[in-house]
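*Asks:* just coords:
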């Protein structure tokens, strides 16, 4: 009995998924091993977060609150944006508070602080304070109480110190002194800040979310309930670039020594600026931008797969029609 | 009584908190402070309950040697081991707990989430077909948004990020708003039903 001849397209349609997995693995791993320069284009939601945080640089009566509401699974997307925002605050002398309501988030929060602190002479209780882990059950009550008095609501920090006695709290009482609240999550947890802190107390809220969650939050961006949003690795890469171009900008002084010279945000500068990856020595400061290379290749691969799959589908369909 | 008392607690406290939201009186504020102290005291017991439940489920599986009971042993060892390490050396940077978190929990979590990329690629190849006009629109929109999210999109055409942004801000938002409104109305109706004691399925028992 003659064997039925299988065409190339039919064979492609029935391709073992392990080959697809192999191609995707290579498409992701190779750009990590051989980083290349790709220009990061900064979008408005990221710009808005940067501008809002930067607007009170150097003032001790305005702080930024960072809420970590995720576990290690979403770390690849969220960790780089957390480090970038913390670096921005440390670089521009902006008081920072960190808090988490999930036990899994606590080590991530500590790790982000540890990484961001490298190279800065910042002190806990003076330049920043880590409120530590608070149980999920008191998330909303604590969030509401912070609207009256932050120190009263959280009571003690991660090191067990009474928060109201800390130097950083001298000029900060409640959301009125909070320049921006940023919640990092891979879920809808950030909505609580919009519902309570924003709606009841008028606090400025922004989100750092995974790419899959970003589409859910555009409604709040458009309505103005969110000041800004960092969506996935792209958002993190954009913020890393903003910090490098403006906050950590350095200029040569009259003696030819590079000195910090932070710049005001400018659309023209960010549009034209091009940073070579090799110029950034600390890998933690460019993680998202390196990751974007892998994401670019992965997206192209997925598009190629969709196109190939559809070509195969239409060719097979035409063949079946001809036969029938 | 087994049903009436929990029902009464839910109704009374539900109304008190609803009133507290709209009436910023001192009495209401003091009650809220009192409640916060209680919830702080109660919440550790929730963790205890979780640990007890996990231990009971997995110890039964081990005792009965159900299929794949070995995984239950790993779970129990991880629970006891991680807890003990945290209690003995603390959970700060540089402790064995943090080492475990960085070298076990972080890579395992990242691995689980990264599987998504493989399944999306495979599903895109095997199932994402232009079978109808609607599927074709979805397919084209997905490709534009994917290109709009990466630097190469703008290199191909300056319109790609623009169109991607339009897709996310107009058709996506129209659908999301519709869903959000429906969910919001549904939540309000369900909350009212719970407050008024009409909805009782959360008590168990099926009525």
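*Replies:* Nice, I can see it. Since this is a predicted model, take the numbers as computed values, not measurements.
*Asks:* Closest residue of chain B to chain A?
*Replies:* residue B:109 (3.1 Å; Cβ to the nearest Cβ). Yep, even glycine has a C-beta here, placed from its N, CA and C like the rest.
*Asks:* which ones are touching that residue?
*Replies:* Residue B:109 sits next to A:71, A:72, A:73, A:74, A:75 when contact means Cβ atoms under 8 Å, 6 or more residues apart in numbering or on different chains.
*Asks:* hmm, 7 Å instead?
*Replies:* A:71, A:72, A:73, A:75 (Cβ atoms under 7 Å, 6 or more residues apart in numbering or on different chains).
*Asks:* Next: residue A:114.
*Replies:* Residue A:114 touches residue B:93, counting by Cβ under 7 Å, 6+ apart.
*Asks:* buried set for the helix or strand where it lies?
*Replies:* Residue A:114 belongs to helix A:105-117 when assigned by DSSP states H and E. Neighbour counts using 16 or more other Cβ atoms under 10 Å in any protein chain shown place A:105, A:106, A:107, A:108, A:109, A:110, A:111, A:112, A:113, A:115, A:116, A:117 of helix A:105-117 among the buried residues.
*Asks:* same question, stretch B:144-161
*Replies:* Here stretch B:144-161 shows B:144, B:145, B:146, B:147, B:148, B:149, B:150, B:151, B:153, B:154, B:160, B:161 as buried, counting by 16+ other Cβ under 10 Å.
*Asks:* coming back round to it: show the overlap between the buried residues of helix A:105-117 and what lies near chain B.
*Replies:* Among the buried residues of helix A:105-117, proximity to chain B is found for A:107, A:110 (Cβ under 7 Å from any Cβ of the partner chain).
*Asks:* that older thread, so what's the gap between the helix holding residue A:114 and the chain middle?
*Replies:* Centroid displacement of helix A:105-117 relative to its chain, using Cα atoms, centre = their mean, to the nearest Å, is 14 Å.
*Asks:* do stretch A:193-200 as well
*Replies:* Distance, stretch centre to chain centre, for stretch A:193-200: 21 Å (Cα atoms, centre = their mean).
*Asks:* how about the strands in the chain?
*Replies:* Since no chain was named, I'll use chain A. Using DSSP state E, the strands of chain A run over A:63-69, A:96-100, A:128-133, A:178-185, A:205-209, A:228-231, A:250-252, A:258-260.
*Asks:* tilt between the second one and strand A:63-69?
*Replies:* Following axes from the mean of the first three to the mean of the last three Cα atoms, to 10 degrees, one obtains 20 degrees for the angle between strand A:96-100 and strand A:63-69.
*Asks:* show me where chain B has helices.
*Replies:* With helices called from DSSP state H, chain B shows them at B:4-22, B:26-64, B:69-89, B:96-100, B:106-127, B:133-148, B:151-156, B:159-169, B:171-195.
*Asks:* Distance to residue A:61 for the ones you listed - can I get that in TSV?
*Replies:* Below are these laid out as TSV (distance: least, Cβ to Cβ, whole Å):
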stretch	distance to residue A:61
helix B:4-22	29
helix B:26-64	25
helix B:69-89	38
helix B:96-100	34
helix B:106-127	37
helix B:133-148	40
helix B:151-156	39
helix B:159-169	35
helix B:171-195	36
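*Asks:* Redo those helices as CSV? Include mean pLDDT.
*Replies:* Shown next, in CSV, are the helices of chain B (pLDDT from 0 to 100):
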stretch, mean pLDDT
helix B:4-22, 88
helix B:26-64, 89
helix B:69-89, 95
helix B:96-100, 91
helix B:106-127, 87
helix B:133-148, 91
helix B:151-156, 88
helix B:159-169, 91
helix B:171-195, 92
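*Asks:* hmm, stretch A:275-286 in reach of chain B?
*Replies:* No: using Cβ under 7 Å from any Cβ, stretch A:275-286 stays clear of chain B, coming no nearer than 12.6 Å.
*Asks:* Around residue A:10, how many other residues sit close by?
*Replies:* Residues lying near residue A:10 (other Cβ atoms under 10 Å in any protein chain shown) number 14.
*Asks:* just to revisit the earlier point, for the contacts of residue B:109, pick the one with the most neighbours.
*Replies:* Neighbour max across the contacts of residue B:109 (other Cβ under 10 Å) = residue A:72, 25 neighbours.
*Asks:* which residue packs closest to that residue, ignoring adjacent ones?
*Replies:* In space, and not counting its chain neighbours, residue A:72 is closest to residue B:109: 3.1 Å by Cβ to Cβ, 6 or more residues apart in numbering or on different chains.
*Asks:* And that neighbour, how far from residue A:108?
*Replies:* Distance check for residue B:109 against residue A:108: by Cβ to Cβ, to the nearest Å, it reads 10 Å.
*Asks:* what residues are shared contacts of the two?
*Replies:* A:72, A:75.
*Asks:* I'd like to know how many residues surround the closest residue to residue B:202 other than its chain neighbours.
*Replies:* Counting by Cβ to Cβ, 6+ apart, residue B:202 lies nearest to residue B:194, which is 7.0 Å off, once chain neighbours are set aside. Other residues near residue B:194 come to 17 when the count uses other Cβ under 10 Å.
*Asks:* and the biggest helix by length in chain A, what's its mean pLDDT?
*Replies:* Using DSSP H, we find that the single longest helix of chain A is helix A:287-323. Taken as a whole, helix A:287-323 carries a mean pLDDT of 87.
*Asks:* For the residue in the stretch 151-300 of chain A that chain B sits nearest to, give its distance to residue B:46.
*Replies:* As assessed by Cβ to the nearest Cβ, chain B sits closest to residue A:296 within the stretch 151-300 of chain A, at 4.1 Å. Distance, residue A:296 to residue B:46, using Cβ to Cβ: 44 Å.
*Asks:* which one of those two has more residues nearby?
*Replies:* residue A:296 (21 against 12).
*Asks:* Correct me if wrong: that one contacts residue B:155.
*Replies:* No: under the criterion of Cβ atoms under 7 Å, residue A:296 makes no contact with residue B:155, lying 9.8 Å away.
*Asks:* and the stretch 201-324 of chain A, which of its residues are near chain B?
*Replies:* So the stretch 201-324 of chain A meets chain B at A:215-216, A:218-219, A:222, A:234, A:292, A:295-296, A:298-303, A:305-306, A:308-310, A:313 (Cβ under 7 Å from any Cβ).
*Asks:* Taking the residues you listed, please make a PyMOL selection of just the buried ones.
*Replies:* Here is the PyMOL command that picks out the buried ones among these, judged by 16+ other Cβ under 10 Å:
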select buried, chain A and resi 215+216+218+219+234+292+295+296+298+299+301+302+303+305+306+308+309+310+313
